[in-house]
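> fold the following, please.
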Amino acid sequence: MMKAPRGTRDLLPPDTNLWNRVEAKVRDVLARYNYHEVRTPIFEDTQLFSRSVGEETDIVSKEMFTWEDRGRAQSDKAQSLTLRPENTASVVRAYIEHGLFKTGTLQKLYYIGPQFRRERPQKGRYRQFYQIGAEIIGPPSAGSESPLRDAEVLDMLATLLDEVGLRGWQLQLNSVGCAADRARYNQALRQALQPVLHQMCDDCKRRAETNPLRVLDCKVPEDQPIIERLPRILQYLDEPCREHFAAVRAMLDAVGIAYVINERMVRGLDYYTRTTFEFTHGGLGSQNSVLGGGRYDGLSESLDGPKAPGIGFAIGEDRLVLALESEGETAVEKIQAYVAPLGTGMNVPAIKLARELRRAGVSADLGDESLRLKKSFDLAEKAGARFIVIVGENEVASDQFTVKNLASGQQVQIARAELAKYLSHNS
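This next block holds a predicted model:
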């Protein structure tokens, strides 16, 4: 028997009802904040990710699905392509390629779709996973560097999580400063790690040489006491970065969004600058991040684009749904009517009636004349219908249909002209 590849899964009803509810709420909330959808290719030139995410990150060095595209002319060098492991780089590439910077305005863009990483599959983590993300990017003249943009993104995320029904989330906040700040901090980390590195895991030993900030991401329990004693990045911020971070916190305080400062949170991608953040939830266990993001003020320039500071986030949709389910959230979607043809020759009038109801906005499923009445009732209940509408010879002749409420058992006769209104108003 064929099975889905390791690290992937099929999403089936009724589970997909909750996914659809989440995505509908996302589109609703982001529209209120003037975001517009962008859809980028599912694979890109490998250099896009190696240049933006960082050669020494685990994503680029270990986790990407990459292949050589040989479907070109024999004389051409094969192009290296990669299934997107994240989507910010793709959005910024599209921003540059299509000249969106020429508008001189902020671009507020969001996406919903699959990403791919060769990770070890575990609870809430898959090799094909789904992200909901958004970016604000634009020229400095449009206010893209302002701490107001950071606060607005965090306000939108708090609103979104509240409205989607997630309770008990926590916002963790940090600043990783500018490139000069991180250079000073990396030097301080290297010095602090040198006498203790022999006690740490192999990944930390490698990261200490290539990218010391990644040491702070280590999850090995034995390494945690050492990491807790390392220098903190907020000690190394220059004055503009300190002021920027203070302004973000002041605006969050003003609108009543609670947060905690987490100086170990540096995020896993090299392009982050200044504000970084995560929203966590206790229902996910030790790997408790629902979403994360931050500023990337130099990303456009690193991809040969104009100066275009930005800030964005990505929600792990798999993990958000898991967190909602841990709180007992479901999205059982009942249909309003089950149209049950009763007797030979009733399929034609039944499908005509079902079509009328559906075009009037009534959600309806359709039985078959070969089914006995008891079986039609069983199927109507399994379909989650609120009402069953009987279509028999008497009903067709009189244009009056027997309608039974499957919850209360109440049964009435409703004229065809009034049927859609009755089903809609009583559902």
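> what about Ile132, which helix or strand?
strand 128-137 (DSSP states H and E).
> now do the contacts for the residue nearest the centre of the chain.
Centroid-nearest residue in the chain, with CA atoms, centre = their mean: Ile132, separated by 2.5 Å. Shown in contact with Ile132 (CB atoms under 8 Å, 6 or more residues apart in numbering): 22-23, 26, 110-112, 314-315, 317, 320. C-beta here means a position set from N, CA and C on the backbone, and glycine is covered the same way.
> what's around the closest residue to it other than its chain neighbours, how many residues?
Among residues not flanking Ile132 along the chain, Ile315 sits closest, at 4.2 Å (CB to CB, 6 or more residues apart in numbering). Applying other CB atoms under 10 Å, we find 25 residues neighbouring Ile315.
> quickly list what Ile315 is bridged to.
Beta-bridge pairing of Ile315 under DSSP bridges involves Ile132, Leu291.
> gap between it and Val29?
Noted for Ile315: a distance of 12 Å to Val29, by CB to CB, to the nearest Å.
> repeat that for Ile137.
19 Å.
> so for these two, which sits in the more crowded spot?
Under the neighbour definition other CB under 10 Å, Ile137 and Val29 were set side by side, and Ile137 has more, 28 against 19.
> contact partners for Arg274?
Contacts of Arg274 (CB under 8 Å, 6+ apart): 150, 175-178, 241, 244-245, 294-295, 297.
> which ones among these are found in helices?
Judged by DSSP state H, helices contain the following of the contacts of Arg274: 150, 241, 244-245.
> just give me the closest of those to Ala350.
Distance to Ala350 across these (CB to CB) is lowest for Asp150, with 57.1 Å.
> hmm, Val248 and that closest one touching each other?
Yes: taking CB atoms under 8 Å as the definition, Asp150 is a contact partner of Val248 at 4.6 Å.
> pick out whichever of the two has more residues nearby.
Neighbour count, other CB under 10 Å: between Asp150 and Val248, Asp150 has more, with 28 against 25.
> could you identify the helix or strand that succeeds the helix or strand bottoming out on mean pLDDT in the chain?
In the chain, no helix or strand scores lower on mean pLDDT, DSSP states H and E than helix 58, which sits at a mean of 69. Sequence-wise, the next helix or strand downstream of helix 58 (DSSP H and E) is strand 66-69.
> that following strand pairs with which strands?
Strand 66-69 pairs in its sheet with strand 79-83 (antiparallel), by DSSP bridges.
> tell me which residues in the next helix or strand after the partner strand are buried?
Sequence order places helix 88-97 as the next helix or strand after strand 79-83, per DSSP H and E. For helix 88-97, the neighbour count (16 or more other CB atoms under 10 Å) marks 88-96 as buried.
> quick one: contacts of helix 88-97?
38, 40-41, 44, 48-49, 52-53, 84, 100-101, 107, 109, 111, 133, 135, 137, 269, 271, 296, 299-300, 303-306, 308, 310, 312, 314.
> what's the mean pLDDT across that helix?
Throughout helix 88-97, pLDDT has a mean value of 95.
> ok, now stretch 16-32?
94.
> export that stretch as CSV, just CAs?
Only the C-alpha atoms of stretch 16-32 are listed here, as CSV (Å, rounded to 0.1, in the frame of the first residue of the first chain):
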residue,chain,number,x,y,z
THR,A,16,-9.6,20.8,7.4
ASN,A,17,-12.7,22.7,8.6
LEU,A,18,-10.6,24.2,11.4
TRP,A,19,-7.8,25.0,9.0
ASN,A,20,-10.3,26.8,6.7
ARG,A,21,-11.7,28.8,9.6
VAL,A,22,-8.2,29.9,10.7
GLU,A,23,-7.3,31.0,7.1
ALA,A,24,-10.6,32.8,6.7
LYS,A,25,-10.0,34.7,9.9
VAL,A,26,-6.4,35.5,8.8
ARG,A,27,-7.7,37.0,5.6
ASP,A,28,-10.3,39.0,7.4
VAL,A,29,-7.9,40.5,10.0
LEU,A,30,-5.1,41.2,7.5
ALA,A,31,-7.5,43.0,5.2
ARG,A,32,-8.4,45.3,8.1
